[in-house]
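Enquirer: Here is my input; please provide its structure:
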Amino acid sequence: MLVVPAAPPWVGDLVLYELNPRTFTSPAGAGDGSGSGTFASVAERLPYLADLGVNAIWMAGHARSTDHFYGIWSAYAADRPDLLDPALGTPDDLRALVAAAHGHGIRVLLDVIAHGVVNDSTLVREHPDWFAGGSWGMADFDYGNPDFRRWWVDLWISYVRDFDVDGYRVDVSLVDPTVWDEITARCADLGKPIVVIPENDRYHLGQQECHGPALDPVLDWAIAREFRGNRLTLRQLSSHDRGWEALPGNHYVARGSRAKLGYGLLLNPQVPLFFAGEEFDADPVPLPRLRQGLFGTGGPGGWLYGSRLDWSQLEDPAKRAVHDDARRCLAARRGYRHLLNADPAACEMVRAAGNGASALVPYLRYRPGEDAVLVVGNDLPRDVTFVLSLPLAQLGLDGADTVRVTDILGAGPPRRLTPAQLTRFDVAVGADYTPGGGVRAFHLCRSDRSGEAS
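Expert: Numbering: from 1, shown residues only. Next up, the predicted model:
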């Protein structure tokens with residue numbers, strides 16, 4: 001009997017960063033009009049990602065593809081999923097990228113187009129019996145064909161075995177989940193458990209489970225814990241689909257909002273996902289061939305996947321400040337990972353009572369009698385002071401003489417406050433969209449304990 005492995009234990013700590021390898025870097029500008037990035041040039045940016053606090057990349061493109069969509073090359077116009085795209089590099093280049101990523105503590109997920117390939121793919125000519133019907137202007141695979149199923153399973157196992165990738169994001173749907181049951185089980189037998197994240201279904205996680213910045217993380221946690229059997233969930237702030245069939249423009253979500261990026265995503269107790277450039281409020285640079293229409297028609301388009309990152313924008317003090325605030329949030333998530341992770345069973349959560357003009361709900365994630373992290377968000381364009389009454393009895397801190405309170409996003413020294421002071425705890429949160437504004441977070445523990453993650 002096939003035993004389908006659960007999500008690997010590291011999934012609860014993922015910070016997932018999507019990138020198009022052709023546009024994430026631009027060693028030769030726009031190249032042929034679809035970008036000039038390669039496996040090697042992506043590898044050059046790994047130190048930046050590690051410093052930011054990213055520990056997993058979803059690389060949206062690796063195999064031979066076409067310009068079927070929006071007038072540009074994209075992973076979603078799959079031609080030969082079994083062959084690497086020569087524009088990106090060689091098998092040795094991909095192996096080097098994955099090895100370098102692992103050396104920086106970053107896992108690598110590849111994109112899978114599970115429904116089919118473009119109509120003029122050589123696979124259609126070589127194996128016409130592998131196909132039945134079509135969608136998206138492409139030929140769809142016939143999952144009822146046993147020869148195709150064997151090839152498909154072996155293919156994705158080979159990327160794990162031969163390139164050491166850590167899992168897959170699957171476009172649109174899994175089509176047939178039992179295929180992925182076999183792939184994950186056989187990878188586990190190889191000693192390499194993987195994560196599988198379909199777009200519109202759910203396997204270990206689901207890409208589309210939760211959209212946009214969180215407004216009430218306690219509610220999300222309670223739903224995951226009480227109604228979904230303590231399962232991990234993913235929260236997507238942005239992905240390549242932003243700007244779908246849109247005009248050119250900035251189609252990121254946070255757009256420099258620390259409330260959306262920090263409170264709503266990076267400190268939120270779900271697996272965070274965002275598209276490259278969100279972390280510094282990048283101004284996208286559309287590729288010259290990018291069109292507004294799905295099949296390459298119309299005028300210039302704004303699809304985020306087809307926009308290059310201009311890394312010189314980080315020299316802008318305002319954009320650098322957004323980056324630095326995102327980096328501080330991820331440093332806190334990493335430093336207090338025993339509390340700031342996506343596992344709903346790892347600890348408890350409770351709202352912090354009090355008043356404040358922002359619609360965002362202050363909350364604590366805690367281990368009773370041990371320690372807690374308090375997160376307070378402000379989505380208003382002005383400074384807000386929250387007056388909070390922390391539930392010390394519920395936290396198990398009511399018997400402490402003093403409580404050590406550390407600002408985990410700031411640089412000040414810890415304070416020692418009495419329980420009485422924490423029943424009226426003032427938290428000033430700067431205006432959203434300003435450096436250091438939008439969100440604050442504090443670690444609380446008894447003064448005789450540090451409570452920091454080992």
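
Enquirer: So what does the residue lying closest to Gly262 once chain neighbours are set aside look like in phi/psi?
Expert: Using C-beta to C-beta, 6 or more residues apart in numbering and skipping the chain neighbours, the partner closest in space to Gly262 is Val439 (3.8 Å). Any C-beta I mention is one placed from the backbone N, CA and C, and that applies to glycine too. Main-chain dihedrals, Val439, degrees, to the nearest 10: phi -160, psi 140.

Enquirer: Model confidence for the closest residue to Gly296 other than its chain neighbours, exactly?
Expert: For Gly296, the nearest residue in space outside its immediate sequence neighbours is Gly71; the separation is 3.8 Å by C-beta to C-beta, 6+ apart. For Gly71, the pLDDT comes out at 97.

Enquirer: can I assume Gly71 sits in a helix?
Expert: No - counting by DSSP: H, G, I helix; E, B strand; the rest coil, Gly71 is not found in a helix; it is coil.

Enquirer: residue contacts, it?
Expert: Arg289, Leu290, Arg291, Gly296, Gly301 (C-beta atoms under 8 Å, 6 or more residues apart in numbering).

Enquirer: what do you get if the cut-off is 10 Å, keeping everything else the same?
Expert: Applying C-beta atoms under 10 Å, 6 or more residues apart in numbering, one finds that Gly71 lies in contact with 33-34, 287-298, 300-301, 303, 306.

Enquirer: Pull out the buried members of those.
Expert: Gly33, Ser34, Leu287, Arg289, Leu290, Arg291, Gln292, Leu294, Gly296, Gly301, Trp303, Gly306 (16 or more other C-beta atoms under 10 Å).

Enquirer: mind checking pLDDT for the nearest residue to the last one once chain neighbours are set aside?
Expert: Same thing as Gly306. Counting by C-beta to C-beta, 6+ apart, Leu290 is the residue found nearest to Gly306 once chain neighbours are left out, at 4.0 Å. For Leu290, the pLDDT comes out at 97.

Enquirer: can you check Ala453 too?
Expert: Model confidence at Ala453, expressed as pLDDT, equals 37.

Enquirer: For the stretch 151-300 of the chain, just list every one of the helices.
Expert: Listed in chain order, the helices of the stretch 151-300 of the chain (DSSP state H, counting those that start in this stretch) span residues 177-189, 217-222, 258.

Enquirer: who wins for proximity to His240 among those helices?
Expert: With C-beta to C-beta as the measure, helix 177-189 is the member of these nearest His240 (21.5 Å).

Enquirer: In contact with the closest residue to Asp310 other than its chain neighbours, which residues?
Expert: Nearest residue to Asp310, sequence neighbours excluded (C-beta to C-beta, 6+ apart): Val285, at 5.3 Å. With contacts defined as C-beta under 10 Å, 6+ apart, the neighbours of Val285 are Thr23, Ser26, Gly29, Ala30, Pro248, Gly277, Gly306, Ser307, Arg308, Leu309, Asp310, Gln313.

Enquirer: and the residue nearest to Leu340 when sequence neighbours are not counted, which of the three is it?
Expert: Ranked by C-beta to C-beta, 6+ apart and with sequence neighbours excluded, the top spatial neighbour of Leu340 is Arg333, at 4.4 Å. Counting by three-state DSSP, the backbone at Arg333 sits in helix.

Enquirer: thought Arg333 was touching Ala441?
Expert: Yes - under the criterion of C-beta atoms under 10 Å, Arg333 lies in contact with Ala441, with a separation of 9.4 Å.

Enquirer: PyMOL command to pick out the buried ones of the contacts of Val285?
Expert: This is how PyMOL selects the buried members of these, with burial counted by 16+ other C-beta under 10 Å:
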select buried, resi 23+26+30+248+277+306+307+308+309+313
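
Enquirer: Please identify which of the contacts of Val285 is nearest to Pro414.
Expert: Here the nearest of those to Pro414, counting by C-beta to C-beta, is Gly277; it sits at 34.7 Å.

Enquirer: where do the strands sit along the stretch 51-200 of the chain?
Expert: With DSSP state E, counting those that start in this stretch applied, the stretch 51-200 of the chain shows strands at 56-59, 63-66, 74-84, 107-113, 116-118, 131-135, 138-141, 167-171, 195-198, listed in chain order.

Enquirer: can you give me how far the fifth one is from the chain middle?
Expert: If I follow you right, that is strand 116-118. 26 Å (C-alpha atoms, centre = their mean, to the nearest Å).

Enquirer: That strand - which strands sit beside it in the sheet, and in what orientation?
Expert: Each strand that pairs with strand 116-118, with its direction, by DSSP bridges: strand 138-141 (antiparallel).

Enquirer: repeat for the longest one
Expert: Strands adjacent to strand 74-84 in the sheet, as given by DSSP bridges, are strand 63-66 (antiparallel).

Enquirer: before we move on, back to that, the residue nearest to Gly306 contacts Glu245, correct?
Expert: No - with contact defined as C-beta under 10 Å, Leu290 does not reach Glu245; the gap is 11.4 Å.

Enquirer: Would you mind giving both backbone torsions of Lys319?
Expert: With angles defined as degrees, to the nearest 10, Lys319 shows backbone torsions of phi -70, psi -40.
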